[in-house]
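Peer 1: Mind looking at a prediction? Sequence and model below.
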Amino acid sequence: IPPTVAIEQRTSRGGRKSTVGTLTEVHHFLRLLFVKLATQHCPDCQIPIEPQSEDAIVARLGREYRDQTVVMLAPLVLNRKGVYTDLAKWAASKGYSQLRVDGELLPVRPFPRIDRFKEHTIELPVGYVKVSPKNEKELRERLATALEFGKGVVHIQTGKKIQVFSTKRACRSCGRSFPELDPRLFSYNSKHGWCAACYGTGLQIDDVEWSDERARTGAEDNVLDSWIEWLQIDEACPQCEGRRLNREALAVRWQGKNIAQYASLPIDSLKGLFQGISLKNREGEIARDIVAELNSRLGFLGEVGLGYLTLDRSAPTLSGGEAQRIRLA
């Protein structure tokens, strides 16, 4: 379409959580690339995450929960929207009378109607078991059942505390387990990925005394934006160092870099990196379409003269001309 049609006279650039990467959707494809090919590391030990055996989980339970009674929970749904009546019927068919929905035990018959548009976490309480040497047989049986239903993941509950164990992803040093990589982990617009101290803005807002509760919770981005502008906050968040994402997201690396490091490169440098990249066998098959899309979008940005920008550049800091050329690209 002609540029005169593509470019409007308005100069709106987006809110504080909008960046060059999100405006151009390049960040979305980077997120996909990281989910498919990156290696997760423990944010504390900086060790690559690898599978953990059932024996290792039993040994760790014995060390950490000796002589305590725990609840074995099989995670069935993690932060997904829906009503899940079929899941309740399935649980009933397996002989279970309750599901734990967002931390609350609910009967499977009749299963209450839950909010279709809210993200839910649903766990199956496999049973209570006391962690002790004489109960090892029962412990192993309950664990095996929970891992089967939870597809390799089990949640251990004591009081209000929940600890995750996985046969798929765990740190061999500290034993901490991690869920499967999800694109939302790399989004600073999602509570799953954003830095909890700055809500994905990259700015130091932790010490601010908010007179508007909505702004403090980040529930409404437009309210948060107006407060940041009014208070003239421009210091980088000390927890994420302005990178917007939480420690777990920043501990995932592909070819030696985390997603924030790629986002901090000028578009021309990033374009050269992806054009010169050599991916073989399985990696090549998985990344082919994603890399092609990244090259295309980065190429367009270069053609309109924006090769000097970085993907993590905040949208409100763009000039009117830069915002219009991004819209054109």
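Peer 2: All right, it came through fine.
Peer 1: what does the host helix or strand of residue 120 rub up against?
Peer 2: Residue 120 belongs to strand 119-130 when elements are defined using DSSP states H and E. With contacts defined as C-beta atoms under 8 Å, 6 or more residues apart in numbering, strand 119-130 is touched by 67-82, 84, 87, 91, 96, 98-103, 105, 114, 135, 138-139, 142, 145-146, 149-150, 155. No exception for glycine: its C-beta is placed from N, CA and C like everyone else's.
Peer 1: Strands - which of those residues land there?
Peer 2: The members of the contacts of strand 119-130 that map onto strands under DSSP state E are 69-81, 98-101, 105, 155.
Peer 1: hmm, back to that, drop anything exposed from the contacts of strand 119-130.
Peer 2: Neighbour counting by 16 or more other C-beta atoms under 10 Å classes 70-78, 82, 84, 87, 91, 96, 98-101, 114, 139, 142, 145-146, 149-150, 155 among these as buried.
Peer 1: Report the contact partners of the residue sitting nearest the centre point of the chain.
Peer 2: Nearest to the centroid of the C-alpha atoms of the chain, with distances taken as C-alpha atoms, centre = their mean, sits residue 185, at 1.4 Å. For residue 185, the contacting residues are 35, 192, 193, 248, 249, 252, taking C-beta under 8 Å, 6+ apart as the criterion.
Peer 1: Kindly provide the distance from the third one to residue 200.
Peer 2: In this structure, residue 193 and residue 200 are 7 Å apart, going by C-beta to C-beta, to the nearest Å.
Peer 1: Tell me the spacing between the residue of the chain most remote from its centre and residue 62.
Peer 2: What lies farthest from the middle of the chain is residue 134; by C-alpha atoms, centre = their mean that is 39.5 Å. When C-beta to C-beta is the yardstick, residue 134 and residue 62 sit 12 Å from each other.
Peer 1: The closest residue in space to residue 144 that isn't next to it in sequence - how many residues pack around it?
Peer 2: In this structure, residue 144 finds its nearest non-sequential neighbour in residue 54, 6.9 Å apart by C-beta to C-beta, 6 or more residues apart in numbering. For residue 54, the number of neighbouring residues by other C-beta atoms under 10 Å comes to 15.
Peer 1: Repeat that for the one 10 residues further on.
Peer 2: Each residue near residue 64 was counted by other C-beta under 10 Å, and the total is 14.
Peer 1: Am I right that residue 164 is in a helix?
Peer 2: No: per DSSP: H, G, I helix; E, B strand; the rest coil, residue 164 lies outside any helix segment and is strand.
Peer 1: those helices in the protein, which residues are they?
Peer 2: Per DSSP state H, the chain carries helices over the ranges 3-6, 20-23, 26-37, 54-64, 85-93, 136-149, 213-217, 221-231, 247-250, 259-263, 267-275, 281-303, 320-328.
Peer 1: coming back round to it: quickly list what's touching both of residue 193 and residue 200.
Peer 2: Common neighbours of residue 193 and residue 200, counting by C-beta under 8 Å, 6+ apart, are 187, 245.
Peer 1: Okay, residue 264 and residue 203: tell me how far apart.
Peer 2: Applying C-beta to C-beta, the value for residue 264 to residue 203 is 16 Å.
Peer 1: Between the two, which is the more surrounded one?
Peer 2: Neighbour count, other C-beta under 10 Å: between residue 264 and residue 203, residue 203 has more, with 23 against 17.
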